[in-house]
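Chemist: Only the shape, not the letters, is given here:
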Ligand code: ADP
Ligand code: TYD
């Protein structure tokens, strides 16, 4: 793999999209071309799958169906967008990746982290993020922000217990991993952005 694969992870409302938009601005300013993508979605097929998964009318969706749909969207994104970009030497920034499935489906839905990892393996192959920014925030604060922002989707409408399992799940799954940078999501947008830029400069020498 020749490019750099950066992933933003964290509960709903933690500030991932906000930080990615600011990071893109910065990378453009310093002349680093980057590709931004999101999960579920990021391709025509993936966006169609996203609409199925997040539609609040789909109350009957089984947990296994949900896991497979996220994995399907991811497999398409890998083959159509992420792998070609990395092989062409680009910087790729993804709003969520497989750890979202490990936490939401493996832990919060209770399907098991090994099962979720195995289901996702064929779509991901040997590709792994070079660095993961984990924006850590309490479930109450994340959902409070989402409620202010727009109508809640099917996942956001889940109980506070579900979101609490997500918050705890993230801390468990992402702790102690060399590629993970743990960030306090309750800090200001500017403070978090500065932290992200400093970490990237350390990890990717060529950024000025
Ligand atoms: P995510 O992509 O993780 O769901 P967003 O970036 O969409 O999160 O942010 C959710 C909401 O919270 C938005 O209205 C955004 O303006 C706000 N927000 C983001 N970061 C912060 C922050 N550090 N402090 C306060 N509000 C924030
Ligand atoms: P997203 O649009 O990133 O939501 P938010 O902006 O609120 O963080 O993701 C949509 C929802 O899908 C979100 O609730 C997290 C969930 N999700 C999973 O449950 N599993 C996954 O593998 C992914 C990628 C997302």
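Modeler: Now that the structure is in, tell me what you want to look at. A quick note: this is a predicted structure, and the numbers were derived from the prediction, not measured. Ligands and ions are numbered 1, 2, ... in the order given.
Chemist: Next up, the contacts around residue 17.
Modeler: If you count contacts by CB atoms under 8 Å, 6 or more residues apart in numbering, residue 17 has them with 38, 95. From N, CA and C alone the C-beta is placed, and that goes for glycine too.
Chemist: Now do it, the pLDDT please.
Modeler: pLDDT for residue 17: 97.
Chemist: and it, that's in a helix?
Modeler: Yes: judged by DSSP: H, G, I helix; E, B strand; the rest coil, residue 17 forms part of a helix.
Chemist: after the worst-scoring helix or strand of the chain on mean pLDDT comes which helix or strand?
Modeler: Within the chain, no helix or strand scores below helix 139-149, which has a mean of 92 by mean pLDDT, DSSP states H and E. Note on helix 139-149: by DSSP states H and E, the next helix or strand toward the C-terminus is helix 160-174.
Chemist: what does this structure have sitting close to ligand 1?
Modeler: 10, 12-18, 145, 149, 188-189, 192 (CB under 6 Å from any ligand atom).
Chemist: Now with 5 Å, please.
Modeler: Contact residues (CB under 5 Å from any ligand atom) of the chain with ligand 1: 13-18, 145, 149, 189.
Chemist: Flag the shaky bits of this structure, pLDDT-wise.
Modeler: For the chain, residues meeting the criterion pLDDT under 70 lie at 1, 206-208.
Chemist: who in this structure is up against ligand 2?
Modeler: 12, 39, 70, 96, 100-101, 104, 155.
Chemist: List the residues that contact the residue nearest to residue 95 when sequence neighbours are not counted.
Modeler: Nearest in space to residue 95, with sequence neighbours left out and distances taken as CB to CB, 6 or more residues apart in numbering, is residue 38 at 3.9 Å. Residues near residue 38 by CB under 8 Å, 6+ apart: 17, 94-96.
Chemist: Make sure I have this right: residue 75 is in a strand.
Modeler: No: counting by three-state DSSP, residue 75 is not part of a strand but helix.
Chemist: Please report phi then psi for residue 13.
Modeler: phi 80, psi 10 (degrees, to the nearest 10).
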